[in-house]
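Undergrad: Would you be able to build a 3D model of this:
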Amino acid sequence: MSEDKRPVSPVRPAGMEVIYLYPCPFCGREVPLISPTRPAMAQCDACRKSFPIVPVDERMIRYLKTVMAGGRASVDPDFL
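TA: Predicted coordinates for the structure are as follows:
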């Protein structure tokens, strides 16, 4: 089978997520979590200990996603 040798066009973002960094109370490593909107337990990937986290406001996440048009508003206009 022949392969298509044409270059692939750059792809625009199809969506976005907000990542929050929670410091582990045991070792201090910042644990990344994607918009935790409910109280939960997080597990540190360095020391493997679990700790409770404070949730973020779901309305703020929706607002950011709306303002950023789901990530499309953050595309560099000079690149287009």
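Undergrad: Residue 52: helix or strand, and which one exactly?
TA: strand 50-53 (DSSP states H and E).
Undergrad: same question for that strand, mean pLDDT?
TA: Averaged over strand 50-53, pLDDT sits at 98.
Undergrad: Go through the helix or strand following that strand and flag the buried ones.
TA: Per DSSP H and E, the first helix or strand lying C-terminal to strand 50-53 is helix 58-67. Neighbour-count burial for helix 58-67 flags 61, 65 (criterion: 16 or more other CB atoms under 10 Å). Backbone N, C-alpha and C define where each C-beta goes, glycine included.
Undergrad: one step back: restrict the strand holding residue 52 to CA atoms and write it as PDB.
TA: Output in PDB follows, covering the C-alpha atoms of strand 50-53 (Å, rounded to 0.1, in the frame of the first residue of the first chain):
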ATOM      1  CA  SER A  50      -4.100  10.100  50.000                       C
ATOM      2  CA  PHE A  51      -5.400  13.400  51.200                       C
ATOM      3  CA  PRO A  52      -8.700  15.300  51.000                       C
ATOM      4  CA  ILE A  53      -9.100  18.200  48.600                       C
END
